[in-house]
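1. only the shape, not the letters, is given here:
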């Protein structure tokens, strides 16, 4: 690539190299590496908040389904508002061009909001008030297909009043995210997450809250529904994944076994 023809500067490329080298050599879990990587990109492109998730269903004409694995820059209330915006049916309709680009290219794609949906379409959408309530305006979405398993889905967000992301910032995010193919591949959740699309939308919304450790009273408060209703949804989620607790649910989505405590071998007869 000729730097004279690119919105990315030589200084940007040096930062990209540094970030990729740091991630490759750092110790820690996959969650640690994702959080570190996303924080570095966020700082470099001047973003307010971000998510890294997995999409077992991302097809044009169908409501996308997401499991958010890591988030940054969101308090619990704003997280709930983000999830309500994401689960809105018209959000799914507006993001169809991203899914189409994934299918057409079969490769990692990164798009500014204006490349996914026009400002006029977004501002007239019934989903727009939900995004505004989450204080999200400009965004970058990046998605990577994982053959036969779904897609990683990554979002960078700025407040409604902030200036739009630039082509340069989207390019930087794309370069870094495509440079860690191993992290996308290694961080795919357990295959049981492919059952998530079978859940009703409100259950999916609450599921994402549960996997991030939210308690029932907080979920009820932020979603504006009764604790009784939340409990009913959680019972449905537990039955769907054949678990009996929030800890088992998290373990089942990550490990597939549904057990949060390993069983110790029973002691034999004492002499």
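-> Nice, I can see it. A quick note: this is a predicted structure, and the numbers were derived from the prediction, not measured.

2. give me the contacts around stretch 209-218.
-> Applying C-beta atoms under 8 Å, 6 or more residues apart in numbering, the set of residues contacting stretch 209-218 from outside is 67-68, 71, 76, 79-80, 83, 219, 227, 230-231, 234, 237, 246, 249-250, 253. To be clear about C-beta, it is placed using only N, CA and C from the backbone, and glycine gets the same treatment.

3. run the chain-centre distance for stretch 115-131.
-> When distances are taken as C-alpha atoms, centre = their mean, to the nearest Å, stretch 115-131 is centred 20 Å away from the chain's centroid.

4. from residue 142, how far out is residue 12?
-> Remark: distance between residue 12 and residue 142 (C-beta to C-beta, to the nearest Å) = 17 Å.

5. hmm, back to that, which ones among the contacts of stretch 209-218 map onto helices?
-> Using DSSP state H, the subset of those located in helices is 76, 79-80, 83, 219, 227, 230-231, 234, 237, 246, 249-250, 253.

6. using a markdown table, lay out those together with pLDDT.
-> Written out in a markdown table, the entries for the ones in helices among the contacts of stretch 209-218 read as follows (pLDDT from 0 to 100):
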| residue | pLDDT |
| --- | --- |
| 76 | 89 |
| 79 | 92 |
| 80 | 92 |
| 83 | 93 |
| 219 | 91 |
| 227 | 94 |
| 230 | 94 |
| 231 | 94 |
| 234 | 94 |
| 237 | 93 |
| 246 | 91 |
| 249 | 91 |
| 250 | 87 |
| 253 | 84 |
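
7. narrow these to just the buried residues.
-> Burial by neighbour count, judged by 16 or more other C-beta atoms under 10 Å, picks out 79, 80, 83, 219, 230, 234, 237, 246, 249, 250, 253 from the ones in helices among the contacts of stretch 209-218.

8. in TSV: these, plus distance to residue 196.
-> Output for those, formatted as TSV (distance: C-beta to C-beta, whole Å):
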residue	distance to residue 196
79	18
80	18
83	13
219	17
230	18
234	15
237	10
246	16
249	12
250	14
253	9
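
9. if we can go back for a sec, pick out whichever of the ones in helices among the contacts of stretch 209-218 sits closest to residue 35.
-> Nearest to residue 35 among those is residue 79, at 15.2 Å by C-beta to C-beta.

10. give me the beta-bridge partners of the residue lying closest to that closest one once chain neighbours are set aside?
-> Spatial nearest neighbour of residue 79, chain neighbours left out: residue 71 (6.4 Å); criterion: C-beta to C-beta, 6 or more residues apart in numbering. In this entry, residue 71 is beta-bridged to residue 51, by DSSP bridges.

11. give me the pLDDT for residue 71.
-> Reading off the confidence values, residue 71 has pLDDT 93.

12. identify the residues contacting it.
-> Neighbours of residue 71 in contact, by C-beta under 8 Å, 6+ apart: 49, 50, 51, 52, 79, 212.

13. quick one: least confident of those residues?
-> Least confident entry in the contacts of residue 71, by pLDDT: residue 212, with 88.

14. quick check on that one: phi, psi?
-> phi -100, psi 20 (degrees, to the nearest 10).

15. how is the residue nearest the centre of the chain assigned, secondary-structure-wise?
-> Averaging the C-alpha coordinates of the chain gives a centre point, and the residue nearest to it by C-alpha atoms, centre = their mean is residue 53 (2.6 Å). Taken by DSSP: H, G, I helix; E, B strand; the rest coil, the conformation at residue 53 corresponds to strand.

16. for it, what are its contacts?
-> For residue 53, the residues meeting the contact criterion (C-beta under 8 Å, 6+ apart) are 66, 67, 68, 69, 70, 152, 153, 154, 155.
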